[in-house]
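when you get a sec, could you give me coordinates for this:
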Amino acid sequence: MSNALKIEGLSVSYGPIPALRNISIDVPDGGFVCVLGSNGAGKTTLVRTITGVLYLQKGKCTSGSIKFGDQEITKQKSRTIVRSGVAQVPEGRMLFPHLTTEENLRCGAASRKDVSGINDTISEVFDLFPQLTPLRQRQAGLLSGGEQQMVAVGRALMAKPSLLICDELSLGLAPLIVRDLFLLLDRINKEGVAVLAIEQNARIALQHSQYAYALEVGEVVLEGPSAELRENQEVQDLYMGGGGDSREAYAAIRREAGR
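Prediction:
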């Protein structure tokens, strides 16, 4: 059974304000894909729509579809989407600060009923993040930013997902911590979990992903193999501090996309 994510012609609006326009994105079964974009590009709206929480912000999908495997999930409830195999590491981590590390991790298994299996997954998460083992009973609010992000990733893995969506994983973290987290994503991906990384940090996202999409003002303006986009001068200027004029780079990307 395929666990590919396929988004076709997706348009989303908040009342009269369009947020996404005719977006098409594929994450193959077991693939590692990134979506790049600056603030206001539509990345958060994309994640909300995939994970079934768009309604909380009074957003509406006006056209298109999202399929995960053979299942249409465009208008499914978030708990149904999680049970289908999609888990999210949210922007800002969103931990429960007064709960312990272990309690936060167990929250990620809320959709599961297999108690022994949950305990096994807890052990797997601590094996993946050995730094968290001595912090097992520490309140999450007392952890460092990097430790909190590890807990957030581990919490998502507690659902035993086939697709892991990471929303701004690098936000507010030191470069060495970001590097280690993306190396862990590589390891998770090699174990068969597909990864969709929504990132402003284009340099590291393009280094670790296989395929990439550039999202600007609610539209996909460029896509291609990550290795090719790393060498694209306009992408370097717009997303990687290449030293060029970002407005000219954005205009060049739109011309290349035929818009």
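
helix or strand next in line after the helix or strand harbouring E124, which one?
Assessed by DSSP states H and E, E124 sits inside helix 115-128. Following helix 115-128 in sequence order, the next helix or strand is helix 145-157 (DSSP H and E).

count the neighbours of A197 for me.
27 (other Cβ atoms under 10 Å). Backbone N, C-alpha and C define where each C-beta goes, glycine included.

er, E228 actually
13.

parallel or antiparallel, list what pairs with the strand or helix carrying V220.
Following DSSP H and E, one finds V220 within strand 219-225. In the sheet, strand 219-225 lines up against strand 211-216 (antiparallel) (DSSP bridges).

what's the domain layout of this structure?
The chain is divided into the following domains under automatic domain parsing: 5-85+161-256, 92-159.

touching the biggest helix by length in the chain from outside, list them.
Across the chain, the longest stretch assigned as helix under DSSP state H is helix 175-190. With contacts defined as Cβ atoms under 8 Å, 6 or more residues apart in numbering, helix 175-190 is touched by 30, 32, 128-129, 145-146, 149-150, 153, 157, 164, 166, 169-170, 173, 195, 197, 201, 204-205, 207-208.

next, the angle from the following helix or strand past that helix to helix 175-190.
Note on helix 175-190: by DSSP H and E, the next helix or strand toward the C-terminus is strand 194-199. Using axes from the mean of the first three to the mean of the last three Cα atoms, to 10 degrees, the inter-axis angle of strand 194-199 relative to helix 175-190 is 150 degrees.

for strand 194-199, what is the distance to the chain centroid?
Here strand 194-199 is found 4 Å from its chain centre; the criterion is Cα atoms, centre = their mean, to the nearest Å.

report the mean per-residue pLDDT for it.
For strand 194-199, mean pLDDT rounds to 96.

sorry, back to before: how about the CA coordinates for the strand holding V220, as CSV?
C-alpha atoms of strand 219-225 as CSV (Å, rounded to 0.1, in the frame of the first residue of the first chain):
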residue,chain,number,x,y,z
GLU,A,219,2.0,29.9,-5.3
VAL,A,220,4.6,27.4,-6.3
VAL,A,221,7.1,29.5,-8.3
LEU,A,222,9.8,26.8,-8.7
GLU,A,223,10.3,23.1,-8.1
GLY,A,224,13.0,20.5,-8.9
PRO,A,225,15.5,18.2,-7.4
